[in-house]
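> Following is a predicted model, sequence given first.
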Amino acid sequence: MRALSILSLVVAVGCSSSARGAPAPGRRVVLVELYTSQGCSSCPPADTFLRELPRLGFGRDRVVPLTFHVDYWDRLGWKDPFSSTAFTDRQQWYASSNRLRSPDGSAGLDGLYTPQMIVDGAVQFSGQRRETAAQEISRAAERPPAFDLVVRATVRGSTVDLSVEVANPAGARPDQDWRLVAALVAREARTAIHRGENAGELLDEAAVVRALSERAPLPLSRSPARIQLSKPADLAWSGVDVVVFAQSEVTREIGAVRLIEARDLR
């Protein structure tokens, strides 16, 4: 939720550039999380839908997707190279909160499953439900923004250092216990699957989270928060995006999202 859009990005690799793709002032950017696995035969259609969001009118200036590969499928025939216990823990963090609701308004969630889509930390449903996803994304985008994030990123070797401040902090209610999270994201990935439910398939995926920070307190003063992420060796900076978002520990609501594109990390 943002009242103005003033993201700036400084990349210290011999030159500086301003971040592109920032939303228009007053526009809410929606965070869409997909919990998936390459070992799950129901997941590829959801991954495909996430890749197609820009073509469906949900461009990256309106919707920021994140694909989290969970690890509880790894013992069932195929070890997903992008899976992480940290991503399973995040999905469990949502489930144990009892804050997520279904599109029909009912609350509660009985265990973890894939593919699960979560829109703006509030609504969850099967990632196979394309029409529901489009409706919930559009509904989330209608809510007015309350605050914005100012992010500066500095690349040094295989790490990126982030400095994050809050614009219009009056809109960030302290009783919501806002936290900052940063994700290093592979913009696209292709994997040949040799075993498990998807054996023989060549999977194309988008917005694959490869590194995730801890949840750090959101700074409501002039002192910025500092976050560092390390890039996996198999990725080039040209294929990496960085996503920073603010999320309530109380409600799980997403308060603000900022995307730093690969082209601005050169």
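Looks like it came in fine.

> where exactly do the helices run in the stretch 51-200 of the chain?
Per DSSP state H, counting those that start in this stretch, the stretch 51-200 of the chain carries helices over the ranges 85-97, 130-141.

> Export these to CSV and append columns for mean pLDDT and mean neighbour count.
(Glycine included, C-beta is placed from N, CA and C.) As requested, the helices of the stretch 51-200 of the chain are exported to CSV (pLDDT from 0 to 100; neighbours: other C-beta atoms under 10 Å):
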stretch, mean pLDDT, mean neighbour count
helix 85-97, 96, 16
helix 130-141, 97, 17
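
> and those helices as JSON lines, adding distance to residue 34?
JSON lines is the format used below for the helices of the stretch 51-200 of the chain (distance: least, C-beta to C-beta, whole Å):
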{"stretch": "helix 85-97", "distance to residue 34": "11"}
{"stretch": "helix 130-141", "distance to residue 34": "9"}
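
> what's the closest of these to residue 228?
Across the helices of the stretch 51-200 of the chain, residue 228 has its closest neighbour in helix 85-97 (15.6 Å, C-beta to C-beta).

> and that closest one, how far out from the chain's middle?
14 Å (C-alpha atoms, centre = their mean, to the nearest Å).

> got it, and stretch 98-109?
20 Å.

> need the contact list for residue 135.
residue 103 (C-beta atoms under 8 Å, 6 or more residues apart in numbering).

> I'd like to know how far it sits from residue 167.
30 Å (C-beta to C-beta, to the nearest Å).

> And for residue 101?
Counting by C-beta to C-beta - residue 101 and residue 167 are separated by 29 Å.

> Point out where the stretch 151-266 of the chain drops to low pLDDT.
Counting by pLDDT under 70, the ranges of the stretch 151-266 of the chain that qualify are 266.

> Go again with 50.
Within the stretch 151-266 of the chain, no range satisfies pLDDT under 50.

> what does the helix or strand hosting residue 256 contact?
Secondary structure assignment for residue 256, by DSSP states H and E: strand 254-260. Contact partners of strand 254-260, identified using C-beta under 8 Å, 6+ apart, comprise 1-2, 7, 9, 19, 21, 29-31, 60, 64, 120-122, 145-149, 151, 153, 166, 172, 176, 178, 241-248.

> and it, C-alpha only, in CSV?
Only the C-alpha atoms of strand 254-260 are listed here, as CSV (Å, rounded to 0.1, in the frame of the first residue of the first chain):
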residue,chain,number,x,y,z
ILE,A,254,1.4,-7.2,2.5
GLY,A,255,1.9,-3.5,3.0
ALA,A,256,4.3,-2.5,0.2
VAL,A,257,6.2,-4.2,-2.6
ARG,A,258,9.2,-3.1,-4.6
LEU,A,259,10.7,-4.9,-7.6
ILE,A,260,14.3,-4.2,-8.7
